[in-house]
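[1] Predicted structure and sequence below. I'll ask about it afterward.
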Amino acid sequence: MASHSHDDDAQDLQPTFTEGYRPGEKKTVDHYAELDKEDESLARWKASLGIGAAAASTSNGPKVDIVSLFLTSPSLPDGKTIELNPKDTDMLASLKKNPITIKEGTEYNVGMRFLVNGDVISGLRYIHVVKRAGIKVDKMEQMLGSYGPSKDGAPHVSNFPTEESPSGMIARSGSYSVKSRITDDDAQVHADFEWHFKLGKEWDPNN
């Protein structure tokens, strides 16, 4: 049986950067708010990040707070969404015994709700590595972009591109583990968590 070390896991979850890419200098919300006030295009960009002249530069809590990871699919009943709370350790632990069931051969989307506190986050990205029986079968890396502080406690929402789940008896055998990481251009890891799913002929109505 092939082995997979913790070093392999760490390497799998490293973000991919284009050769020659260098993140820009880290700037605070206050710095962005004061930067080139007369530049209309820059003003529109700052407004898209929720940055204003009176932007607050301090806030309690982590810089990025993951509210939920969610799965949506047109094949789910009544537009149901499967929600996963990365901070709920009991939920994550229970998924080892009772994994989320994803319908085989169907289109679905993964998405994320998150709060940004106190500062601009540049190059936020989501990475996950899927394994079955310890063997890597898939990796996804999704660039989410740059975000200013969340307003009035309303989370940012990012929907990832549509994927199609595998199908067939082999795909349905066993369960899959997913190691997820949220990081940014400064290589700061904002969340690391693991969850589990299996493939079935239908969605599990108890998900």
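    Perfect, I can see it now.
[2] contacts and neighbour counts: CA atoms only from here.
    Will do.
[3] Show me the contact partners of stretch 84-100.
    Here stretch 84-100 makes contact (CA atoms under 8 Å, 6 or more residues apart in numbering) with 66-70, 175, 193-198, 204, 207.
[4] Turn the residues you listed into TSV, including pLDDT, secondary structure and neighbour count.
    Converted to TSV, the contacts of stretch 84-100 look like this (pLDDT from 0 to 100; DSSP: H, G, I helix; E, B strand; the rest coil; neighbours: other CA atoms under 10 Å):
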residue	pLDDT	secondary structure	neighbour count
I66	95	strand	20
V67	95	strand	18
S68	97	strand	19
L69	96	strand	19
F70	96	strand	16
S175	94	coil	19
F193	97	strand	15
E194	97	strand	18
W195	97	strand	20
H196	97	strand	22
F197	96	strand	19
K198	95	strand	20
D204	87	coil	14
N207	79	coil	14
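[5] Okay, now the unreliable bits of the protein?
    1-9, 17-61 (pLDDT under 70).
[6] Could you rerun that using 50?
    For the chain, the stretches flagged by pLDDT under 50 are 1-3, 29, 32, 53-58.
[7] What are the boundaries of the strands in it?
    Remark: strands assigned in the chain by DSSP state E are 64-72, 82-84, 100-103, 107-116, 121-132, 135-147, 156-159, 163-164, 176-183, 189-200.
[8] The fourth one packs against which elements?
    Applying 3 or more CA pairs under 8 Å, 6 or more residues apart in numbering; DSSP states H and E, we find strand 107-116 packed against strand 64-72, strand 156-159, strand 163-164.
[9] That one pairs with which strands?
    Taking DSSP bridges as the criterion, strand 107-116 forms sheet pairs with strand 64-72 (antiparallel), strand 156-159 (antiparallel), strand 163-164 (antiparallel).
[10] Columns distance to K179 on top of these, output as JSON lines?
    Output for these, formatted as JSON lines (distance: least, CA to CA, whole Å):
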{"stretch": "strand 64-72", "distance to K179": "13"}
{"stretch": "strand 156-159", "distance to K179": "18"}
{"stretch": "strand 163-164", "distance to K179": "18"}
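[11] Tell me which of those strands lies nearest to V130.
    Of all these, strand 163-164 sits nearest to V130, with 13.7 Å by CA to CA.
[12] now the closest one, how far from the chain's geometric center?
    Distance of strand 163-164 from the chain centroid (CA atoms, centre = their mean, to the nearest Å) equals 16 Å.
[13] Beta-bridge partners for the spatially most central residue of the chain, please?
    Geometric centre of the chain, nearest residue: Y126, 3.9 Å, by CA atoms, centre = their mean. Applying DSSP bridges to Y126 yields these beta-bridge partners: Q142, I182.
[14] for K103, same thing?
    G200.
[15] go on, the one 4 residues further on?
    Taking DSSP bridges, one finds E164 as the beta-bridge partners of E107.
[16] what's the neighbour count on the closest residue to S73 other than its chain neighbours?
    Spatial nearest neighbour of S73, excluding adjacent residues (CA to CA, 6 or more residues apart in numbering): Y108 at 4.3 Å. The number of residues packed near Y108 is 20, by other CA atoms under 10 Å.
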